[in-house]
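*Asks:* need coordinates for the below:
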Amino acid sequence: MEAEELKYLLDHIQSQLEKAKTNKVRLSLLRDRLLIGIMSLEGCRTVEMHQLKIEDIVRQGIKTGLQVSAKRASRIVPLTENLTAQLDEYLQLRRKVLRRKIKPADYVFVSLSNNNKGGQLSRRSIREICDRALIECNLKHTPGRTLTAHSLRHTAGTLALRTGSDLRQVQDLLGHADPRTTSIYAHVGDRWEHNPGENIERNLDR
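*Replies:* Down below sits the predicted model:
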């Protein structure tokens with residue numbers, strides 16, 4: 001996704017949240033906003049969000065991060081101030097709506113359906129949440145492109161490099177063992193920013 005598309009997606013969820021009539025609906029939207037925000041801004045994988053527990057939330061002074069694990073590797077993902085505020089708001093309302101204390105071994109992202117209320121949110125459900133939001137914003141299917149939950153991770157990597165983060169920073173954020181994997185995101189942006197075909201075309205017009 002481009003930056004303006006990501007902003008539209010996040011703003012769409014926020015506008016739904018502001019119109020929510022009940023705490024249950026509000027809780028669902030708070031969860032979805034946080035989930036999509038972490039995946040699209042911090043580049044976390046679906047499996048990492050699926051496995052994330054309360055005890056994986058790392059607090060260092062006013063800073064908050066998430067200790068996530070995938071592919072036999074673990075890393076700390078720093079959260080922005082906005083995401084930290086959203087996390088706290090979600091957990092606070094979750095205690096109220098589900099009427100249960102949140103324990104360290106509990107999962108961060110939980111189901112709110114009647115048959116699994118408070119249980120671990122499945123990877124399939126995470127994908128469905130992302131798909132639903134993308135469809136509502138008419139971003140799921142566009143000419144030559146289909147977006148998925150994993151596309152949010154690619155968005156984070158691409159936009160991070162475009163906005164000035166260096167390759168090593170993005171490699172650490174995404175948890176890539178090989179910097180060549182991260183460099184793909186740089187090359188994707190470069191294809192449009194520094195397209196040799198533009199120079200050729202300009203010369204043809206002289």
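
*Asks:* mind listing what the spatially most central residue of the chain touches?
*Replies:* Nearest residue to the geometric centre of the chain (Cα atoms, centre = their mean): Met39, 1.4 Å. When contacts are counted by Cβ atoms under 8 Å, 6 or more residues apart in numbering, Met39 touches Arg45, Thr46, Met49, Cys130, Ala149, Leu152, Arg153, Ala156. Every residue, glycine included, has its C-beta placed from N, CA and C.

*Asks:* helices along the protein, start to end?
*Replies:* Ranges of helices in the chain, per DSSP state H, are 3-19, 23-41, 46-51, 81-98, 123-136, 149-162, 167-174, 179-193, 196-204.

*Asks:* which one of those lies nearest to Ala70?
*Replies:* Closest to Ala70 of the helices of the chain is helix 46-51 (Cβ to Cβ; 5.2 Å).

*Asks:* which residues touch Thr46?
*Replies:* Contacts for Thr46 (Cβ under 8 Å, 6+ apart) come out as Met39, Arg123, Ile126, Arg127, Ala149, His150.

*Asks:* show me which pair in the residues you listed is furthest apart.
*Replies:* Met39 and Arg123 (12.3 Å).

*Asks:* closest one to Lys21 out of the contacts of Thr46, please.
*Replies:* Nearest to Lys21, judged by Cβ to Cβ, of the contacts of Thr46 is Ile126 at 24.9 Å.

*Asks:* ok, and the closest non-adjacent residue to that closest one?
*Replies:* Thr46 (5.1 Å; Cβ to Cβ, 6 or more residues apart in numbering).

*Asks:* next up, the contacts around Trp90.
*Replies:* For the record, residue 90 is Tyr, not Trp. Shown in contact with Tyr90 (Cβ under 8 Å, 6+ apart): Leu27, Leu30, Arg31, Leu34.

*Asks:* meant to ask about Leu121, not that
*Replies:* Arg31, Met49, His50, Tyr107, Phe109, Val110, Ser111.

*Asks:* which residues touch the first one?
*Replies:* This points to Arg31. Tyr90, Arg94, Phe109, Val110, Leu112, Leu121.

*Asks:* going by distance to Leu17, which of the residues you listed wins?
*Replies:* Among those, and counting by Cβ to Cβ, the member closest to Leu17 is Tyr90, at 10.8 Å.

*Asks:* burial check on the closest residue to that closest one other than its chain neighbours, number of neighbours?
*Replies:* Among residues not flanking Tyr90 along the chain, Leu30 sits closest, at 4.3 Å (Cβ to Cβ, 6+ apart). The local packing of Leu30 (other Cβ atoms under 10 Å) involves 23 other residues.
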